[in-house]
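Asker: Predicted model, plus sequence, below.
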Amino acid sequence: MVERFLRQTTFTSVKDYNKNLEFIIPENFNFAYDVMDAWAEEAPTKLALLWTNDQGIERRTTFGELKEQTDQAASYLMSLGIGKGDPVMLILKRRYEWWVVMLALHKLGAVVIPATHMLTKHDIVYRNTRASVKAIVCVDDAYVVSQIEAALPESPTVETIVEVSESWEVADNGNAPKHQEHAEMWHDWHREWRQAPPFVRPEHVNSNDDTMLMYFTSGTSGEPKMVAHDYLYAMGHLTTGVFWHNLHEGSLHLTVADTGWGKAVWGKFYGQWFAGATVFVFDHEKFNADTLLRQIEKYRVTSFCAPPTIYRFMIREDLSRYDLSSLEYCTTAGEALNPAVFDKFKEKTGIQMMEGFGQTETTMTLGTMPWMKPKPGSMGMPNAQYDIDLLKPDGTRCEDGEKGEIVVRVGERKPIGLFKEYYRDEALTREAWHDGIYHTGDVAWRDEDGYYWFEGRIDDVIKSSGYRIGPFEVESALMTHPAVVECAITGVPDDIRGMVVKATVVLGKEWKDKAGDALIKELQQHVKKETAPYKYPRIIEFVDELPKTISGKIRRVEIRNKDKK
């Protein structure tokens, strides 16, 4: 499959990859038809999706079966009036149907808007009105349904809601969902979808530059932005799955991610199926490291990807109790990786984590590829499909060792994987993308070997006594102390130094009764030993939890605002 879309399919070095990565771009590319249906034709009995949940229910689906199901689903959604260009929001948790509906909507040329099940009425109204959402496909979760119902009076563009129950079997009770105020808008997926007529592919589904997918960012510093991606965005993830995840047709890959966020299509969808791998899904309500490790052991998962937070919980378990011998390759992204976590995981498993970096607006822009030696804590090197650089505030290029903003230089053709625009917000798009450069807003530095090291968001960088201090470098130092489970570094205004470093710290259970001046001094001395002394936190606050977005990212802006008050 990969050879259809790349001039060269194997690489042995950074130089080889940078020189020879070249995409073959067909007209009107559509991932559902050109990749998934192609697999169904070539290898109909090959396992595409292995789905299980915390109730012990299991489902194995081949590429051939997935084609049949997505055709049927596309026909059903078409019968509800959904077609090309229609915005459809999905709130499906990790339900099996998410994969079916995603592909079905691609087959119709509709615009898919994945969303998390944690959205409130305000969040849903905001998304419905900003994107003119026409239909919503959601789980039969009481909270989700109540928030959608509450949002409908303020969501005039929404015409249809399809509710998906826990079972994928055809409901035989004949009862449609009952929602008192808007009953006429609600449909029962499992009662209706198999009754749709045979699918007939629309004549012109999409062009390469049509909008295929929209994600709302997690809003770490304001209202969520609406990121629009075209149909080539899916192709941009070929390098994510085939090279960064190092997948092949025998791989069973598990990425830990909520389907409401971009990491789901990074690790549970496009790139993995380009490689012909089997996507493994564990549908669960609450994360537990022991349970997750048991799933890896039971199903013989070969490839694993998760944010560093998940690895931090995993290495606190006694890993000798689990048979993890099936694991061949492990990757991490979503937040910066503390070297201490890398070292401990390697010590316990023998596996080196390969870090990657990107945004909702991009596919993987920086990463540690299989032909590279990982440097613990480094994001790796630029992915060859992007022209990456580091710029100082005055717009000049950074030398090695200098901190600057990560940018993407955009030539005559937009790189495959880079977003189209912030939908319906020309001013915000121009602010981030102008003069042939997309500004990521993330700060890093590059070492003499060409590896990039994350510092933080531009707004998060602390200027103290003439020094520029990135929050991540201080957080990395703090995280090596056994008392610290999580921490966030922010700057507090100071009359003498301009700003001073503050650490907001979540302690381990066994350390909470030791919170006090003695532990504060111990942590301060620890940071001074681990990194440059001027970076140590002059203020330390102990809290039970850190403020986070609904995607789990730390909201440092909330900590800063609280301190200002």
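Answerer: Cool, got the structure.
Asker: Residue 369: what's it in contact with?
Answerer: By CB atoms under 8 Å, 6 or more residues apart in numbering, the contact set of residue 369 is 11, 14, 17, 243-244, 354, 380-381. (Each C-beta comes from the backbone N, C-alpha and C, glycine too.)
Asker: what helix or strand does it sit in?
Answerer: Assigned by DSSP states H and E, residue 369 belongs to neither a helix nor a strand.
Asker: circling back to that earlier point, ok, and the most crowded of the contacts of residue 369?
Answerer: residue 244 (28 neighbours; other CB atoms under 10 Å).
Asker: So that one is in contact with residue 357, correct?
Answerer: No - using CB atoms under 8 Å as the test, residue 244 is too far from residue 357 to be in contact (10.3 Å).
Asker: joint contacts of these two?
Answerer: Among the neighbours of residue 244, those also in contact with residue 357 (CB under 8 Å, 6+ apart) are 364, 367.
Asker: all strands of the stretch 351-500 of the chain, in order?
Answerer: Using DSSP state E, counting those that start in this stretch, the strands of the stretch 351-500 of the chain run over residues 353-358, 364-367, 381-382, 387-391, 403-409, 421-422, 433-434, 437-446, 452-457, 462-464, 467-469, 484-494, 498-507.
Asker: Could you name the helices and strands sitting against the first one?
Answerer: Based on contacts counted as 3 or more CB pairs under 8 Å, 6 or more residues apart in numbering; DSSP states H and E, the elements that strand 353-358 packs against are strand 329-332, helix 339-349, strand 364-367.
Asker: go again using 7 Å as the cut-off
Answerer: On a contact count with 3 or more CB pairs under 7 Å, 6 or more residues apart in numbering; DSSP states H and E, strand 353-358 meets strand 329-332, strand 364-367.
Asker: Need the nearest residue in space to residue 212, chain neighbours excluded.
Answerer: residue 231 (4.6 Å; CB to CB, 6 or more residues apart in numbering).
Asker: check contacts around the one you found.
Answerer: 29-30, 206, 208, 210, 212 (CB atoms under 7 Å, 6 or more residues apart in numbering).
Asker: Now do the same for stretch 206-222: mean pLDDT, whole number.
Answerer: Averaged over stretch 206-222, pLDDT sits at 83.
Asker: Outside of it itself, which residues are in contact with it?
Answerer: By CB under 7 Å, 6+ apart, stretch 206-222 touches 27-30, 106, 109, 111-114, 127, 131, 224-233, 262, 360, 420, 423, 459, 549-551, 553, 555, 557.
Asker: from the residues you listed, which would you call buried?
Answerer: In the contacts of stretch 206-222, burial by neighbour count holds for 29-30, 106, 109, 111-114, 127, 131, 224-233, 262, 360, 420, 423, 549-551, 553, 555, 557, counting by 16 or more other CB atoms under 10 Å.
Asker: Tell me the strands beside the helix or strand encompassing residue 88, with direction?
Answerer: Secondary structure assignment for residue 88, by DSSP H and E: strand 87-91. Note on strand 87-91: by DSSP bridges, its sheet partners are strand 111-114 (parallel), strand 135-139 (parallel).
Asker: For the ones you listed, give me JSON lines that also has mean pLDDT.
Answerer: Compiled in JSON lines, those are given as follows (pLDDT from 0 to 100):
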{"stretch": "strand 111-114", "mean pLDDT": "97"}
{"stretch": "strand 135-139", "mean pLDDT": "97"}
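Asker: May I see these arranged in a markdown table, with distance to residue 56 as well?
Answerer: A markdown table is the format used below for these (distance: least, CB to CB, whole Å):
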| stretch | distance to residue 56 |
| --- | --- |
| strand 111-114 | 26 |
| strand 135-139 | 19 |
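Asker: just for the stretch 101-250 of the chain, where's the confidence low?
Answerer: Residues of the stretch 101-250 of the chain meeting the criterion pLDDT under 70: 166-180, 218-223.
Asker: Leaving out chain neighbours, which residue sits closest to residue 17?
Answerer: Nearest in space to residue 17, with sequence neighbours left out and distances taken as CB to CB, 6+ apart, is residue 11 at 4.2 Å.
Asker: Just the pLDDT for the one you found.
Answerer: For residue 11, the predicted pLDDT is 96.
Asker: Low-confidence ranges, the protein, go.
Answerer: Using pLDDT under 70, the chain drops low at 166-180, 218-223, 465-468, 549-552.
Asker: 50 - rerun?
Answerer: For the chain, the stretches flagged by pLDDT under 50 are 168-176.
Asker: can you tell me which helix in it is longest?
Answerer: helix 63-79 (DSSP state H).
Asker: Tell me what angle it forms with strand 87-91.
Answerer: Inter-element angle recorded for helix 63-79 and strand 87-91: 120 degrees (by axes from the mean of the first three to the mean of the last three CA atoms, to 10 degrees).
Asker: Which other helices and strands does helix 63-79 contact?
Answerer: Here helix 63-79 touches helix 38-42, strand 47-53, helix 97-108, going by 3+ CB pairs under 7 Å, 6+ apart.
Asker: so what strands line up beside the second one?
Answerer: Each strand pairing with strand 47-53, determined using DSSP bridges, is listed with its direction: strand 58-62 (antiparallel), strand 278-283 (parallel).
Asker: quick one: contacts of the last one?
Answerer: Judged by CB under 7 Å, 6+ apart, the contacts made with strand 278-283 from elsewhere in the structure are 47-54, 94-95, 251-254, 268, 272-273, 292, 295, 299, 301.
Asker: pretty sure residue 477 contacts residue 530?
Answerer: Yes - counting by CB atoms under 7 Å, residue 530 is a contact partner of residue 477 at 3.7 Å.
Asker: Looking at the two, which has the bigger crowd around it?
Answerer: Neighbour count, other CB under 10 Å: between residue 477 and residue 530, residue 477 has more, with 27 against 18.
Asker: got a list of what that one touches?
Answerer: If you count contacts by CB under 7 Å, 6+ apart, then residue 477 has 527, 530-531 around it.
Asker: And it, how close does it get to residue 339?
Answerer: Per CB to CB, to the nearest Å, residue 477 is found 10 Å from residue 339.
Asker: circling back to that earlier point, okay, angle between the strand holding residue 88 and helix 97-108 too, please.
Answerer: Going by the same axes, to 10 degrees, strand 87-91 makes 170 degrees with helix 97-108.
Asker: Measure how far stretch 310-323 is from the centre of its chain, please.
Answerer: 23 Å (CA atoms, centre = their mean, to the nearest Å).
Asker: whoops, I mixed them up, stretch 5-19
Answerer: With CA atoms, centre = their mean as the basis, stretch 5-19 stands 25 Å off its chain's centre.
Asker: Just the buried residues of it, please?
Answerer: Using 16+ other CB under 10 Å as the test for burial, stretch 5-19 gives 5-6, 11, 14, 17.
Asker: Out of those residues, the closest to residue 196 would be?
Answerer: Nearest to residue 196 out of those is residue 5 (CB to CB; 31.3 Å).
Asker: For residue 34, see how far away the residue nearest to that closest one when sequence neighbours are not counted is.
Answerer: Counting by CB to CB, 6+ apart, residue 5 lies nearest to residue 24, which is 5.3 Å off, once chain neighbours are set aside. Distance, residue 24 to residue 34, using CB to CB: 11 Å.
Asker: who's more crowded, those two?
Answerer: residue 34 (17 against 10).
Asker: do you know how far the more buried one is from residue 4?
Answerer: 8 Å.
Asker: next one: residue 359
Answerer: In terms of CB to CB, residue 359 sits 27 Å off from residue 4.
Asker: higher neighbour count, those two?
Answerer: residue 359 (19 against 12).
Asker: Does that one touch residue 438 like I think?
Answerer: No - the pair residue 359 / residue 438 is not scored as a contact, 9.7 Å apart, by CB under 7 Å.
Asker: contact partners of stretch 421-432?
Answerer: Contacts for stretch 421-432 (CB under 7 Å, 6+ apart): 130-131, 214, 225-228, 438-439.
Asker: repeat for stretch 337-355
Answerer: Contacts for stretch 337-355 (CB under 7 Å, 6+ apart): 244, 308, 311-312, 315, 319, 324, 327, 330-333, 368, 374, 376-380, 476, 479-480.
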